[in-house]
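A.B. asks: What would the 3D arrangement of this be:
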Amino acid sequence: MAQPKRRWSKARTGLKRSTWKIEAENLATCPHCHEPMMQHRVCPKCGYYNGKEVVASEKK
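C.D. replies: Below is the predicted model of the structure:
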């Protein structure tokens, strides 16, 4: 296999790694309790998903 002739410089390595970043979570508001939650997941506060109670909540 072919081998590189020279090492990459630190600046070039930094430029390549500059695209490795953590993206913020896409949060939506729950239509039932209006709390922020991750999209396409059961709401951790009220236990509702798609208008139906999926997980029974402790408070009732």
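
A.B. asks: quick one: pLDDT of the residue nearest to the spatial centre of the chain?
C.D. replies: The residue lying closest to the centre of the chain (C-alpha atoms, centre = their mean) is residue 25, at 3.7 Å. The model reports residue 25 with a pLDDT of 83.

A.B. asks: Name all residues that make contact with it.
C.D. replies: Going by C-beta atoms under 8 Å, 6 or more residues apart in numbering, residue 25 touches residue 38. For the C-beta atoms, the positions are set from N, CA and C on the backbone; glycine is no exception.

A.B. asks: can you give me the strands for this structure?
C.D. replies: 27-29, 36-38, 48-49, 52-53 (DSSP state E).

A.B. asks: Quick one, which of those gets closest to residue 4.
C.D. replies: strand 36-38 (41.7 Å; C-beta to C-beta).

A.B. asks: distance between that closest one and the chain's centre?
C.D. replies: 10 Å (C-alpha atoms, centre = their mean, to the nearest Å).

A.B. asks: Rounded mean pLDDT for it, please.
C.D. replies: 93.
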